[in-house]
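Engineer: structure for the following, please:
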Amino acid sequence: MQNPSSAVNPESKNISGEFKDRHFNVFLEGAAGSFSLGQGDGAANGNIEADLSGTNVVSSANLPLVGGGLPFVNKGSMEEIALKNSVSNQDFESRYSRFRYDTPSLGPIELSVSQGVKSNSDVTELGGRISLPLAGRVVARLGYSTKGLGETSGDVETIGGSISWLHTSGFNLTGAYSNRADDNGMSPDSEFYWAKAGYRFNEAHAIDAHYAETKDLRLKGDHAETVGVGYVYKPSQWLDIYAGYRRHSLSGVNAEYSNVNVAMFGSRIKF
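Structural biologist: Below you'll find the model as predicted:
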């Protein structure tokens, strides 16, 4: 990984790449479901990111994935706040040591549970997914996690879900919500809202417009908004070419910040 898009900023434009183990699992699958042990996703990971729009590669609900290291600048004090500290979809846990069980499909429903340790914190997750035909296709996901941080924060609980509907015409709608809270009375509960509308022109072209809000993630009274658009051209099953734009804004109690604008252009090769 060279110059990770979630970490670079105007002062640190070049960050050395590094190799890390991402997934390392042993698993057993059968009529009773799937059991996996090792480093991998928790039972609810990705459940804030259901998406049938065809533009997820450029317009993901994981907003800090591109530009997360760029700063909001306080117009009065000139204090800098990294975008990733004020903007987040609060998705569940990925790539940690855990035991996970996935039930066999119960009709259109899949259920999962996991227990493990991430950064010396115990993590428990529950997840559910459903996929149904509805003048096209609709998918919905729900999740819950608890992470023990100890000390004043105690247990951090996250709950949320997402839904995405793709009509047979190509028109699609996507939404998500999450809430995160802990035992520290001085730390505010934070919320995330996500809405997205798009259109898929056959299998080759997809466009979208999206809007998001993140509330109270860093401080009580912080309010971050994101508006953006995306386009993906898929000339073959193994290649995506994409372009997009996002404007992130942040306001706080007696504080105004400059916007962060992110333009993206790239390609993804799948093999």
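Engineer: what sits against the residue lying closest to residue 39 once chain neighbours are set aside?
Structural biologist: Nearest residue to residue 39 in three dimensions, chain neighbours excluded: residue 24, at 4.6 Å (Cβ to Cβ, 6 or more residues apart in numbering). C-beta: built from backbone N, CA, C; applies to glycine. When contacts are counted by Cβ atoms under 8 Å, 6 or more residues apart in numbering, residue 24 touches 38, 39, 40.
Engineer: wait, residue 269 sits on residue 238?
Structural biologist: Yes. With contacts defined as Cβ atoms under 8 Å, residue 269 counts as touching residue 238 at a distance of 6.2 Å.
Engineer: got any residues that touch both of the two?
Structural biologist: What both residue 269 and residue 238 touch, as defined by Cβ under 8 Å, 6+ apart, is an empty set.
Engineer: so for the residue nearest in space to the middle of the chain, what's the pLDDT?
Structural biologist: Nearest to the geometric centre of the chain sits residue 62, at 3.3 Å (Cα atoms, centre = their mean). Listed pLDDT for residue 62 reads 97.
Engineer: does it touch residue 92 like I think?
Structural biologist: No. Using Cβ under 8 Å as the test, residue 62 is too far from residue 92 to be in contact (11.7 Å).
Engineer: for the stretch 151-271 of the chain, which spans come out with low pLDDT?
Structural biologist: Low-confidence regions of the stretch 151-271 of the chain, defined by pLDDT under 70, span residues 152.
Engineer: burial of residue 65, as a residue count?
Structural biologist: Using other Cβ atoms under 10 Å, residue 65 is surrounded by 13 other residues.
Engineer: mind listing the residues bridging to residue 199?
Structural biologist: Following DSSP bridges, residue 199 is listed with bridge partners residue 171, residue 207.
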